[in-house]
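> Kindly return the folded structure for what I paste below:
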Amino acid sequence: MTGEAIHLPTLALPPAQQYPTPALDLPTADIPSYKPLVVPPSDLRKPKETKSKTTEKTEQPSVPKFEVPYFGFKVDLPTGGVVMAATYAAVTAVAVTTFAQPFFNTIKKKLQKSIQGKVDKWKPNP
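Numbers count the residues shown, from 1 in each chain. Modelled structure (predicted):
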């Protein structure tokens, strides 16, 4: 070791690449703008020269009524839209009940049979 030279490993790297500096534009912003809100004064009155417009009132259609025989009083009948909505609701309820009843009966019978079997096990055998 006294006369020997120590050779350390070296790493040969290629020259560094030079990239151009990017040119960045200055940022811009849109300045918000709004229309000013005009608040009328608290003592605002119409000028004396102006005339008010007459508005025509549309007459509401009369509500159909049903006279109850022998009692002499009238009952308001519902409009067509109300009758249609009630009809759809009633038909839907009846249809769902009719189609679902066999499924519920099957489930009910199975539950009753299962519960009856458990009750029979609890009872003492004579």
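> low-scoring stretches of this structure, by residue?
Applying pLDDT under 70 to the chain flags residues 1-3, 125-126.
> Do a quick rundown of the helices in it.
Listed in chain order, the helices found in the chain under DSSP state H are 80-122.
> Give me the neighbour count for Thr10.
As a burial measure, Thr10 scores 6 neighbours (other Cβ atoms under 10 Å). Yep, even glycine has a C-beta here, placed from its N, CA and C like the rest.
> separation between it and Ala16?
As judged by Cβ to Cβ, to the nearest Å, Thr10 and Ala16 stand 17 Å apart.
> burial count for Pro102?
Neighbours of Pro102 under the rule other Cβ under 10 Å: 9.
> Please renumber the chain so that the first residue is 33 from this point on.
With 33 as the first residue, the last one maps to Pro134.
> gap between it and Lys140?
Look at Pro134 and Lys140: by Cβ to Cβ, they are 11 Å apart.
> again with Asp108
The gap separating Asp108 from Lys140 is 43 Å, by Cβ to Cβ.
> again, but for Lys155
Using Cβ to Cβ, one obtains 22 Å as the distance from Lys155 to Lys140.
> Settle it for me: which of the two has more neighbours?
Lys140 (10 against 7).
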